[in-house]
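Novice: generate coordinates for the sequence data below:
(one chain, ligands or ions: 4)
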Amino acid sequence: MIGHADLPISLLLTAASSRYSYASQSQGRVSKSHQVMKPNVEDLFEGIECEAGRLNHDTLVTCLITDSRRVVPGALFFAIGGLRTNGNYFVEEAVDRGAVAIVTEEDLGARFPIDFIKVKDVRQTLALISRRFYEAPDEKLKITGVTGTNGKTTVSMLTQHLVGGSDQVGLIGTVRYDLGKRTLPSFRTTPESVDIYSLLDQMVKNGCSETVMEVSSHGISQQRTYGLDVDVAAFLNLTQDHIDYHKSMEAYFDVKKRLFTGEMGRKPKASVVNVDCAYGRQLVAEMGDDAPVTTYGIDHDADVQASEVNLFPDRTEFKLVWPEGELQVVSPLLGRFNVSNLLAAVTIAYVQGKRPENLLEHLSTFPGVPGRMERIEEGQDYNLLVDYAHTDDALRHACGMLREITPGKLIVVFGCGGDRDRTKRAPMLKAVMEGADLVYATADNPRSESLGQIFDDMRAVEGSGSVHFIEDRKDAISRALDAASKDDCVLIAGKGHETYQEFDGTVMPFDDRSVARELIHLKQA
Ligand SMILES: CC(=O)N[C@H]1[C@@H](OP(=O)(O)OP(=O)(O)OC[C@H]2O[C@@H](n3ccc(=O)[nH]c3=O)[C@H](O)[C@@H]2O)O[C@H](CO)[C@@H](O)[C@@H]1O[C@H](C)C(=O)N[C@@H](C)C(=O)N[C@H](CCC(=O)O)C(=O)O
Ligand SMILES: Nc1ncnc2c1ncn2[C@@H]1O[C@H](COP(=O)(O)OP(=O)(O)OP(=O)(O)O)[C@@H](O)[C@H]1O
Ligand SMILES: N[C@H](CCC[C@H](N)C(=O)O)C(=O)O
Ligand SMILES: [Mg+2]
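Specialist: Ligands and ions are numbered 1, 2, ... in the order given. This is a model prediction of the structure:
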């Protein structure tokens with residue numbers, strides 16, 4: 001053991017002698033059964049800036065862990081200061097469970113029983129160390145990072161479909177993680193950095209050559225994507241969401257911007273930006289003339305442009321124009337916002353060197369995204385759709401699009417999530433009241449909040465007296481279906497692909513699609 005509590009670790013970690021051995025490991029929530037290299041602390045931290053600490057150069061690390069309850073012998077524990085608690089409160093637990101060293105922003109003192117490394121930013125260090133632990137899988141994959149308030153999942157899955165399919169192109173996003181030979185259900189849109197690198201590592205081992213990933217603003221803000229080698233970064237749009245976390249739209253934009261500017265540790269090699277969005281235009285202006293940016297848009301001049309947009313109840317058609325050509329696109333995706341999503345995916349593929357004319361067939365065969373305008377057909381005489389709209393912008397677009405294709409009444413069931421942006425609740429209700437004929441407000445993952453409080457926040461909008469507030473979501477869906485008749489449309493919004501309802505720490509099974517099917521059958525019986 002070398003005790004140098006006051007020396008910067010970067011000085012201690014010179015002349016590293018590699019001491020690799022093999023071990024199997026299971027870390028974070030992404031378990032692995034294959035054999036991996038087991039590096040020592042010295043190799044992991046070589047060249048990484050550390051403030052102080054004490055460590056034994058030869059200590060071997062089996063896994064990187066951020067939750068004390070998941071520590072196993074040989075773990076390097078990262079003590080993260082969070083919003084609710086602080087990983088530093090649990091360092092003793094980590095020691096008891098067999099951690100070999102702690103990475104922390106605090107000085108744990110000379111009497112702390114195991115080694116520790118003090119750093120300026122533990123989340124950033126976690127990202128850098130994770131990348132090294134997994135031997136930089138991001139360098140072996142062509143990575144596209146997609147950010148924006150709405151449409152990330154749609155654009156990511158569409159891009160995956162266009163550029164090669166799930167065997168060759170990995171996916172990290174809200175609905176699932178595709179790792180080449182296998183698929184895992186998603187637990188975060190943009191997972192913790194250590195999980196991202198573990199997923200990318202598995203993709204490489206399974207023969208993927210590319211990856212498309214959703215990059216959420218929480219992900220950027222919490223350094224989950226710090227240092228990631230992104231080839232193409234795409235900006236879709238920015239509208240109100242997550243103000244509880246970011247505090248203002250400007251701060252929210254500044255966080256998204258980091259994906260494009262190099263403030264995330266590395267600059268993307270190319271960027272794709274939607275110039276129909278004012279924030280997209282601001283981003284292009286702030287990136288400067290020398291940045292390799294390709295723009296897309298419907299209403300504004302762009303490198304890749306859609307015009308002559310025709311929306312039909314079962315498909316969308318438009319003319320696609322790019323610098324070297326133009327052609328007619330037919331897609332089963334519905335609505336003008338999906339033209340924007342289609343343009344985003346085509347532009348990403350174009351920037352990667354694909355010829356748009358070779359994408360036509362893939363554009364027309366994209367099966368859609370689970371829970372995004374997913375049609376439920378159980379013999380009822382009205383149109384019934386389940387969608388993931390959970391912001392005022394998404395709800396406005398969804399209602400607007402359905403209004404255009406609905407001869408009868410538009411009936412909407414939706415709710416606002418608990419422990420999320422409270423200031424989006426009244427605008428969400430306003431968007432639905434303006435867009436629909438009949439509104440049923442109900443529960444959508446109240447989490448730790450009372451539904452009464454959530455409803456009160458929604459009711460802040462004028463005229464909400466006409467809205468039916470029904471606590472039980474199944475009951476609300478049932479009443480909406482009862483109110484529907486021929487030529488009408490029922491939209492059940494907000495939960496999309498989700499298969500649960502979260503109340504105060506309890507997660508109950510709930511799937512809008514199966515609930516709606518079950519209710520239709522009951523009503524038909
Ligand atoms: C608001 C938010 O993003 N919170 C994230 C944040 O939580 P936090 O700051 O509250 O952490 P904390 O609970 O105080 O814990 C601090 C540290 O102590 C550790 N701990 C805690 C307890 C214990 O016994 N032992 C222990 O070691 C925790 O593992 C953690 O490392 O740090 C945690 C650990 O890294 C994340 O899991 C957590 O995500 C929560 C669960 C979450 O719901 N995040 C959502 C909002 C999110 O990230 N969503 C985006 C998509 C959004 C969108 O685009 O619409 C996503 O990318 O998924
Ligand atoms: N380009 C868009 N502009 C506005 N609304 C959109 C757009 N694309 C999709 N939507 C709406 O937003 C909903 C969510 O879409 P999607 O899941 O693709 O977005 P996301 O950005 O991945 O969301 P999340 O941040 O929750 O993962 C859709 O169900 C649809 O109603
Ligand atoms: N990524 C979004 C999803 C919201 C989905 C909605 N069902 C809710 O729970 O509010 C979030 O975590 O804010
Ligand atoms: Mg998503």
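Novice: C-alpha only now, for contacts and for neighbours.
Specialist: Will do.
Novice: which residue, other than its chain neighbours, is closest to Lys142?
Specialist: Nearest residue to Lys142, sequence neighbours excluded (CA to CA, 6 or more residues apart in numbering): Glu210, at 4.5 Å.
Novice: ok, that neighbour to Thr149 distance?
Specialist: Between Glu210 and Thr149 the computed distance is 24 Å (CA to CA, to the nearest Å).
Novice: pick out whichever of these two has more residues nearby.
Specialist: A count of neighbours by other CA atoms under 10 Å puts Glu210 above the other of Glu210 and Thr149, at 26 against 20.
Novice: if I look at that one, how far off is ligand 1?
Specialist: Note on Glu210: its distance to ligand 1, by CA to the nearest ligand atom, to the nearest Å, is 20 Å.
Novice: gap between the spatially most central residue of the chain and Asp299?
Specialist: The centroid of the chain falls nearest to Thr189 when counting by CA atoms, centre = their mean (2.9 Å). From Thr189 across to Asp299, the span is 29 Å (CA to CA).
Novice: returning to that earlier point: quick one: residues contacting the residue nearest to Lys142.
Specialist: Contacts here follow CA atoms under 8 Å, 6 or more residues apart in numbering; on that basis Glu210 touches Leu141, Lys142, Ile143, Gln168, Val169, Gly170.
Novice: retrieve the pLDDT associated with the spatially closest residue to Arg315 that is not a sequence neighbour.
Specialist: Excluding the flanking residues, the one nearest Arg315 by CA to CA, 6+ apart is Pro332, at 4.4 Å. pLDDT, Pro332: 94.
Novice: ok, Ile220 next?
Specialist: What the model reports for Ile220 is a pLDDT of 98.
Novice: now whichever residue of the chain sits closest to ligand 3: how far from ligand 1?
Specialist: As assessed by CA to the nearest ligand atom, ligand 3 sits closest to Gly417 within the chain, at 3.4 Å. Distance from Gly417 to ligand 1, counting by CA to the nearest ligand atom: 11 Å.
Novice: wait, doesn't that residue sit right on Ser448?
Specialist: No. Using CA atoms under 8 Å, Gly417 is not in contact with Ser448, being 10.0 Å away.
Novice: of those two, which one has the most company?
Specialist: More neighbours surround Gly417 than the other of Gly417 and Ser448, with 23 against 14 (other CA under 10 Å).
Novice: run through the residues that contact the more buried one.
Specialist: Ala443, Asp444, Asn445, Pro446, Arg447.
Novice: and what of Ile348?
Specialist: The contact partners of Ile348, by CA under 8 Å, 6+ apart, come to Thr144, Thr159, Val232, Ala234, Val272.
Novice: dump the residues you listed to JSON lines, plus secondary structure.
Specialist: Putting these into JSON lines (DSSP: H, G, I helix; E, B strand; the rest coil) gives the following:
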{"residue": "Thr144", "secondary structure": "strand"}
{"residue": "Thr159", "secondary structure": "helix"}
{"residue": "Val232", "secondary structure": "strand"}
{"residue": "Ala234", "secondary structure": "strand"}
{"residue": "Val272", "secondary structure": "strand"}
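Novice: show me the two of these that sit farthest apart.
Specialist: Among these, the pair separated by the greatest distance (CA to CA) is Thr159 and Val272, at 12.7 Å.
Novice: who's more crowded, those two?
Specialist: Under the criterion of other CA under 10 Å, the comparison of Thr159 against Val272 puts Thr159 first, with 30 against 26.
Novice: so the more buried one is in contact with Val212, correct?
Specialist: Yes. Taking contacts as CA under 8 Å, Thr159 lies within contact range of Val212: 7.3 Å.
Novice: hmm, back to that, give me the neighbour count for the residue nearest to Arg315.
Specialist: Pro332: 18 neighbours (other CA under 10 Å).
Novice: how near is it to Ser166?
Specialist: The gap separating Pro332 from Ser166 is 20 Å, by CA to CA.
Novice: for Leu184, same thing?
Specialist: Distance of Leu184 to Ser166, given as CA to CA: 12 Å.
Novice: then Asn383?
Specialist: The gap separating Asn383 from Ser166 is 31 Å, by CA to CA.
Novice: contact partners for the residue lying closest to Leu359 once chain neighbours are set aside?
Specialist: Nearest in space to Leu359, with sequence neighbours left out and distances taken as CA to CA, 6+ apart, is Leu162 at 6.3 Å. By CA under 8 Å, 6+ apart, Leu162 lies in contact with Ala345, Val346, Ala349, Leu359, His362, Leu363.
Novice: the strand or helix carrying the third one: what's the following helix or strand?
Specialist: Think Ala349. Assigned by DSSP states H and E, Ala349 falls within helix 336-351. Using DSSP H and E, the helix or strand that follows helix 336-351 in sequence is helix 360-365.
Novice: which elements pack onto that following helix?
Specialist: When contacts are defined as 3 or more CA pairs under 8 Å, 6 or more residues apart in numbering; DSSP states H and E, helix 360-365 sits against helix 152-163, strand 325-331.
Novice: which of the three states applies to Val412?
Specialist: With three-state DSSP as the basis, Val412 sits in strand.
Novice: check what pLDDT it gets.
Specialist: Note on Val412: pLDDT of 98.
Novice: what is the burial count for it?
Specialist: Counted with other CA under 10 Å, residues neighbouring Val412 total 25.
Novice: got it, and Gly415?
Specialist: Using other CA under 10 Å, the number of residues around Gly415 comes to 28.
Novice: wait, is it part of a strand?
Specialist: Yes. Counting by three-state DSSP, Gly415 is located in a strand.
Novice: reformat the contacts of Ile348 as JSON lines; add pLDDT and distance to ligand 4.
Specialist: Compiled in JSON lines, the contacts of Ile348 are given as follows (pLDDT from 0 to 100; distance: CA to the ion, whole Å):
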{"residue": "Thr144", "pLDDT": "98", "distance to ligand 4": "14"}
{"residue": "Thr159", "pLDDT": "98", "distance to ligand 4": "14"}
{"residue": "Val232", "pLDDT": "98", "distance to ligand 4": "18"}
{"residue": "Ala234", "pLDDT": "98", "distance to ligand 4": "14"}
{"residue": "Val272", "pLDDT": "98", "distance to ligand 4": "18"}
